[in-house]
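Novice: Using only what follows, build the 3D model:
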Amino acid sequence: MSRFYSPGRNHNSYVSNSLLPFKLSRTKIDLFLNCPRCFYLDRKLGVPVPPGFPFSLNSAVDKLLKKEFDIHRAKGESHPLMRTYAIDAVPFNHKDINVWRDPLRGIRYYYKDLNLDIFGAIDDVWINPSNEIHIVDYKSTAKESEVNLDADWQIGYKRQMEIYQWLFHKNGFKVSQIGYFVYANGTIDRKAFDGKLEFKVSILPYKADFGWLEDALKELKNCLDSDKLPKSNPDCDYCRYRASASKLES
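Specialist: Numbering: from 1, shown residues only. Okay, here's the model as predicted:
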């Protein structure tokens, strides 16, 4: 049986009144916001949602962008794209940059009031002359129109940025409200593939506000401490599938 579908508690399952901090990733916070029931089944009952398919091309673009910005980080200079968009900053050459990027470590904060060890892995951090840091996230797609942040589903991107900002803020950094999305858009209007894919890379600023997060974390903790399975999000595909399958099976 696949480990993703094995029911029952596992080492990541929440135990009420435990003295040990409960590890909570940025992605699991987003899962709670998307559907409390799926989150409860995952973190409390040990039945995770099915994993998504890996986006290998997106990962390749992500790695190459990191290498590219790291060249300028080592030199203490801004990337030409940053100068094109008049961004007065340079990639932050901090000793922990690779820790912050590590999905298993990341930037983390122990929220003592809720006994939660919260963490997330960032793509990049830039720093401006006022010693404010800007959280940076890399995104990639392939579409004919210009990239933007206007779609309803991109709320997940924005929350991701805000959680990262909160984590750095809690770690004592001076965090700018302005974060940046470095967006690579694959060109699909060429005459032929010719063994290569070209990208137009843009930088989209986003004025974030993480003021909602701590209230959401309290609701999340109450959800975990409850003995009742929470209501599902009516728009949750997983819950709709489970409900439809259950009716047919019974």
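
Novice: same for the top helix by length along the chain, what does it pack against?
Specialist: Taking DSSP state H as the criterion, the chain has its longest helix at helix 56-75. Counting contacts by 3 or more C-beta pairs under 8 Å, 6 or more residues apart in numbering; DSSP states H and E, helix 56-75 is packed against strand 90-91, strand 133-141, strand 178-186. Where C-beta positions appear, they are placed from N, C-alpha and C, glycine not excepted.

Novice: Can you name the residues in contact with the shortest one?
Specialist: Read it as strand 90-91. For strand 90-91, the external contacting residues (C-beta atoms under 8 Å, 6 or more residues apart in numbering) are 69-70, 72-73, 76-79, 82, 124-127.

Novice: Can you check these and name whichever has the most neighbours?
Specialist: Val125 (25 neighbours; other C-beta atoms under 10 Å).

Novice: pretty sure it contacts Trp100?
Specialist: Yes - between Val125 and Trp100 there is a contact under C-beta atoms under 8 Å: 7.1 Å.

Novice: and for the two, which residues touch both?
Specialist: His94.

Novice: Can you show me the strands along the chain?
Specialist: Assigned by DSSP state E, the strands in the chain fall at 22-25, 90-91, 107-111, 116-120, 124-127, 133-141, 178-186, 199-207.

Novice: helices and strands around the first one, which ones?
Specialist: Pointing back at strand 22-25 there. strand 116-120.

Novice: circling back to that earlier point, and the direction of the longest helix of the chain versus that of strand 178-186, what angle?
Specialist: 130 degrees (axes from the mean of the first three to the mean of the last three C-alpha atoms, to 10 degrees).
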